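Peer 1: Build me a model:
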Amino acid sequence: MLQSVDFYYFSPTGGTKKAGLLVAEALAEHVNPVDLGKPELPELPAGDPAELAVIAAPVFGGRLPSLTAERLEKLQGNGTKAVTLAVYGNRAYEDALLELNDIISGAGFRIVASAAPVAQHSMVPEVAAGRPDEEDAVELRQFAGQILQKLEQGSADQPVVPGNRPYKADFSMSVTPVSLPACRLCGTCAAVCPAQAIRLENGGVATDADTCILCMACTAACPEKARILPPPLQEQMDQKLGVLKDVRGKNEMFL
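Peer 2: Numbers count the residues shown, from 1 in each chain. Below is the predicted model:
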């Protein structure tokens, strides 16, 4: 087991962080978390780099969220070995893992392992509900063991992952979550929004559609459950993804 790893993650609704921690905590005695989803980019680790970096990002429509990509590009790997995780909501990760690896390699990291773990879908929580679960935990810890074995053997070959270049079109919808009458204007949604797209004004909640990335952080954090997708969009997503409710998507690993 390693002494320490840096754990970079962008996890609006918690699933990406949960999957990433399962890997990171199985790799090292100490995990240094860096939340790339905070409204203001946090201070990055200073001093000597950790022995390994674990970098986890969510998949939105087969791509990385644009804001996530922008923040990952600001990292400085300086030759640090890295494990990359593109966490998807049981549908498909398409070009996201390849995109993640391209960015992380470009930032100066040396990728030694990659994976596409499954987590509960942010827009249709009935899809992959509760994942990563105990079965996933076993698989991801086994994956961590394989990574440690690879490192002990002195191998640092970058894994080949699925995906296409050029990547598919960015995930984009010109809608935002809305607030129900039960909203108490507590400001939680604005505080957690990584894109800083939400503000309280004129006795209500306003959301900038051009800035919102539909990450669903606001809906997950609302203490009154008063922040939702517009019902027509929620119905559309339910119909589109409903067939996946009884499907157990696979965690895919690459060494």
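Peer 1: burial measure for Ala209, as a count.
Peer 2: Applying other CB atoms under 10 Å, we find 11 other residues in the vicinity of Ala209. For the C-beta atoms, the positions are set from N, CA and C on the backbone; glycine is no exception.
Peer 1: Using the three-state scheme, assign Leu233.
Peer 2: helix (DSSP: H, G, I helix; E, B strand; the rest coil).
Peer 1: in terms of contact, does it touch Val175 like I think?
Peer 2: Yes: counting by CB atoms under 8 Å, Leu233 does reach Val175; the two are 5.5 Å apart.
Peer 1: Looking only at neighbour counts, state which of the two leads.
Peer 2: Leu233 (17 against 13).
Peer 1: What distance do you get for that one to Val161?
Peer 2: 31 Å (CB to CB, to the nearest Å).
Peer 1: likewise His121?
Peer 2: 22 Å.
Peer 1: Could you list the buried residues of whatever helix or strand Ala82 lives in?
Peer 2: Assignment of secondary structure by DSSP states H and E places Ala82 within strand 81-87. Buried residues in strand 81-87, counted by 16 or more other CB atoms under 10 Å: Lys81, Ala82, Val83, Thr84, Leu85, Ala86, Val87.
Peer 1: can you check stretch 221-232 too?
Peer 2: By 16+ other CB under 10 Å, the buried positions in stretch 221-232 come out as Ala221, Cys222, Ala226, Arg227, Ile228, Leu229.
Peer 1: Asp95 - how many residues pack around it?
Peer 2: 24.
Peer 1: whoops, I mixed them up, Ser172
Peer 2: 11.
Peer 1: Next up, phi/psi of it, please.
Peer 2: When read as degrees, to the nearest 10, the backbone of Ser172 gives phi -150, psi 130.
Peer 1: what sits against the closest residue to Ser122 other than its chain neighbours?
Peer 2: Spatial nearest neighbour of Ser122, chain neighbours left out: Met216 (4.1 Å); criterion: CB to CB, 6 or more residues apart in numbering. Met216 sits next to Pro12, Thr13, Ser122, Met123, Pro177, Leu229 when contact means CB atoms under 8 Å, 6 or more residues apart in numbering.
Peer 1: Can you tell me how far the last one is from Met216?
Peer 2: When you say that, I think you mean Leu229. 8 Å.
Peer 1: any shared contact partners between these two?
Peer 2: Common neighbours of Leu229 and Met216 (CB under 8 Å, 6+ apart) are Met123, Pro177.
Peer 1: Which strands and helices lie in contact with the longest helix seen in the chain?
Peer 2: Assignment by DSSP state H gives helix 134-152 as the longest helix of the chain. With contacts taken as 3 or more CB pairs under 8 Å, 6 or more residues apart in numbering; DSSP states H and E, helix 134-152 sits against helix 15-27, strand 110-116, strand 252-254.
Peer 1: can you rerun that using 7 Å?
Peer 2: helix 15-27, strand 110-116 (3 or more CB pairs under 7 Å, 6 or more residues apart in numbering; DSSP states H and E).
Peer 1: possible to save the ones you listed as JSON lines with mean pLDDT and mean neighbour count?
Peer 2: Formatted as JSON lines, the helices and strands packed on helix 134-152 follow (pLDDT from 0 to 100; neighbours: other CB atoms under 10 Å):
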{"stretch": "helix 15-27", "mean pLDDT": "98", "mean neighbour count": "24"}
{"stretch": "strand 110-116", "mean pLDDT": "98", "mean neighbour count": "23"}
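Peer 1: which one of those lies closest to Gly145?
Peer 2: helix 15-27 (7.0 Å; CB to CB).
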